[in-house]
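Engineer: Next one to model:
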Amino acid sequence: MSEILESGGKRQVLAEVDVLVAGSGPAGFAAALRAAQLGAKTLLVERFGYIGGMMTGAHVVAVLGMGDGSKTGPKVGGVLTELRDRLEPLGGITRTNADGDYWLDPELFKWQGVEMLREAGADLLGHALVCDPIIENGAVRGAFLETKQGRVAVRAKVTIDATADADLAFRAGCACDNQTHDVTLGFRLVGVDSARLEAFSKENPEQAEQLLAEAKAMNNGRLPGQGWYLKEVDVTDPAALTEAENRFRRDCYAALYFLRKNVPGYENARVADTLPQIGVRQSRRIRGGYTLTDADLRESRHFPDGIARLGSYLLGYALYGVPGLHYDIPYRCLVPEGLEGLLVAGRCISGDYLATNTLRLIVPCFATGEAAGVAAALAVRHGTEPRQVEIGELRRVLSQHGVPLDWVSVPPSAEAKKATPFMDE
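Structural biologist: Down below sits the predicted model:
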């Protein structure tokens, strides 16, 4: 590619804060909430006009990983419990299960999440894209933002990268691994006359089966409105991500118009809407002070710097695919190699590919975000770099805020293992 020189110049400093959090998904929300509650002047910056990341933008509303597959209730707490308790009286919890997992109303979370941040004293800036880090003497000291009013800067003592794709860490020069996983775009189909479709299928079973099969073949094996996965998409490549999103629409409409023309009951079917964001499962992962492995999870390994103890394990898409686990996430996984002033939270922490299949769940993202927020606040309080935070104090503060760090699971019975649900989110 050819190059062109961009004109430089001074940038307006929009704010000077203790903690800057980039991205308001579950990790960023938890980080900003806890840092502000601990007295740090905190700014949460979000590229869209609403918080929640994949939870609200791609309707990944299942807060999975609260338990360990033993069906004996939740094993984790902290911000996850605070959020559930906040939404439940408002009717914002739509479903629960025996492991304590809960499904939330994404629109209520957009509203109440902001209220929780406001009450904690955190500031929120939407419609601003965190792009390049501010680097001073080898340390990240904030970031530049792109806004409708131009490029501005935010200075920060500690910055938390909760962008999911490790955008800030990558641009700051942190070594990263980048591997693909399935991506999904959600569609909501309306206008199908179910009674008419059922009658046609009953009267003409072979013809109906053939027509539906033809429609599915146009849409990667699924009917319009049914989710499917596209593989081998590098979501850090804007061209690849654009083509993936267009591919989802192209295939959906090809199948839909075939059905409208050929299958009774589909005459008035239409796509009411698509979700605002494409659902992403994996991309960049930083290389931190420790790389959490799949073996660490499966063997329930504990670490002296553990900042979360969890029991979830995604075996493919099977939640609690290995029931009865109780592994730790070390704090070192949140600290990038060779960079000061920066913490990373969410699915882009330091882990191998198989471990990250589990770490991408909503609960681990909340947990690492909460730990990053506490660590950032402690670093500011003591005037140290994040990697120098005293682990005993970090764990103590997390415990004081309802994060259990030392429980040991009782392996579930054979019956419970057989009942392990298959999850598609």
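Engineer: Mind telling me what element D328 is part of?
Structural biologist: If you go by DSSP states H and E, D328 is part of strand 327-330.
Engineer: next helix or strand past that strand?
Structural biologist: Sequence order places strand 342-344 as the next helix or strand after strand 327-330, per DSSP H and E.
Engineer: Can you list the strands that that next one pairs with?
Structural biologist: According to DSSP bridges, strand 342-344 forms sheet pairs with strand 150-161 (parallel).
Engineer: Quick one: residues in contact with the strand holding D328.
Structural biologist: 289-290, 292, 296-297, 299-303, 305-311, 349, 359, 364, 367-368, 371, 405 (C-beta atoms under 8 Å, 6 or more residues apart in numbering). C-betas here are computed from N, CA, C, even on glycine.
Engineer: And G227, how far from G49?
Structural biologist: Relative to G49, G227 is positioned 25 Å away (criterion: C-beta to C-beta, to the nearest Å).
Engineer: And D132, which helix or strand is it part of?
Structural biologist: For D132, the host element (DSSP H and E) is strand 129-136.
Engineer: Also compute the angle for that strand relative to strand 150-161, please.
Structural biologist: 80 degrees (axes from the mean of the first three to the mean of the last three C-alpha atoms, to 10 degrees).
Engineer: buried subset of the contacts of strand 327-330?
Structural biologist: For those, a neighbour count by 16 or more other C-beta atoms under 10 Å gives the buried set as 290, 292, 296-297, 300-301, 303, 305-311, 349, 359, 364, 367-368, 371.
Engineer: Please save the CA atoms from stretch 66-74 in CSV.
Structural biologist: The C-alpha trace of stretch 66-74 is given here as CSV (Å, rounded to 0.1, in the frame of the first residue of the first chain):
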residue,chain,number,x,y,z
MET,A,66,-22.4,-17.9,37.0
GLY,A,67,-22.2,-21.5,38.2
ASP,A,68,-20.2,-24.6,37.5
GLY,A,69,-22.7,-27.0,36.0
SER,A,70,-23.6,-28.6,39.3
LYS,A,71,-27.0,-26.9,39.4
THR,A,72,-26.4,-25.6,42.9
GLY,A,73,-26.8,-21.9,42.3
PRO,A,74,-24.3,-19.1,41.4
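Engineer: mean confidence for that stretch?
Structural biologist: The average pLDDT for stretch 66-74 rounds to 96.
Engineer: For that stretch, buried residues please.
Structural biologist: For stretch 66-74, the neighbour count (16+ other C-beta under 10 Å) marks M66, G67, D68, G69, S70, K71, P74 as buried.
Engineer: what about G227 and G49, which has more around it?
Structural biologist: More neighbours surround G227 than the other of G227 and G49, with 13 against 8 (other C-beta atoms under 10 Å).
Engineer: Quick check, that one in contact with T184.
Structural biologist: Yes: with contact defined as C-beta atoms under 8 Å, G227 reaches T184; the gap is 5.3 Å.
Engineer: And the next helix or strand past the strand holding D132?
Structural biologist: Next along from strand 129-136, by DSSP H and E: strand 139-147.
Engineer: Now do that next one: which elements does it pack against?
Structural biologist: Under the contact criterion of 3 or more C-beta pairs under 8 Å, 6 or more residues apart in numbering; DSSP states H and E, strand 139-147 touches strand 12-22, strand 129-136, strand 150-161.
Engineer: longest helix in this structure, by residue count?
Structural biologist: helix 238-262 (DSSP state H).
Engineer: mind listing the strands for the stretch 151-300 of the chain?
Structural biologist: Secondary structure of the stretch 151-300 of the chain by DSSP state E, counting those that start in this stretch: the strands cover 176-178, 183-184, 187-190, 270-274, 279-280, 284-286.
Engineer: Quick check: which of the ones you listed is buried the most?
Structural biologist: Highest mean neighbour count of the strands of the stretch 151-300 of the chain: strand 284-286, a mean of 25 (counted as mean count of other C-beta atoms under 10 Å).
Engineer: Just the mean pLDDT for that strand, thanks.
Structural biologist: Throughout strand 284-286, pLDDT has a mean value of 97.
Engineer: distance of the closest residue to A162 other than its chain neighbours from D182?
Structural biologist: Excluding the flanking residues, the one nearest A162 by C-beta to C-beta, 6 or more residues apart in numbering is G28, at 3.3 Å. With the distance defined as C-beta to C-beta, G28 ends up 23 Å from D182.
Engineer: Which of the two has more residues huddled nearby?
Structural biologist: Neighbour count, other C-beta under 10 Å: between G28 and D182, G28 has more, with 29 against 15.
Engineer: In terms of helices and strands, where is that one?
Structural biologist: G28 belongs to helix 26-37, assigned by DSSP H and E.
Engineer: could you check the angle strand 12-22 makes with that helix?
Structural biologist: Following the same axes, to 10 degrees, one obtains 110 degrees for the angle between helix 26-37 and strand 12-22.
Engineer: Just after helix 26-37, pick out the following helix or strand.
Structural biologist: Helix 26-37 is succeeded, C-terminally, by strand 42-45 (DSSP H and E).
Engineer: Residue ranges in the protein under the pLDDT threshold?
Structural biologist: Low-confidence segments of the chain, defined by pLDDT under 70: 1, 412-425.
Engineer: Go again with 50.
Structural biologist: 419, 422-425 (pLDDT under 50).
Engineer: who's in contact with S300?
Structural biologist: By C-beta under 8 Å, 6+ apart, the neighbours of S300 are L325, H326, Y327, S409.
Engineer: Before I go, just wanted to say thanks for your time.
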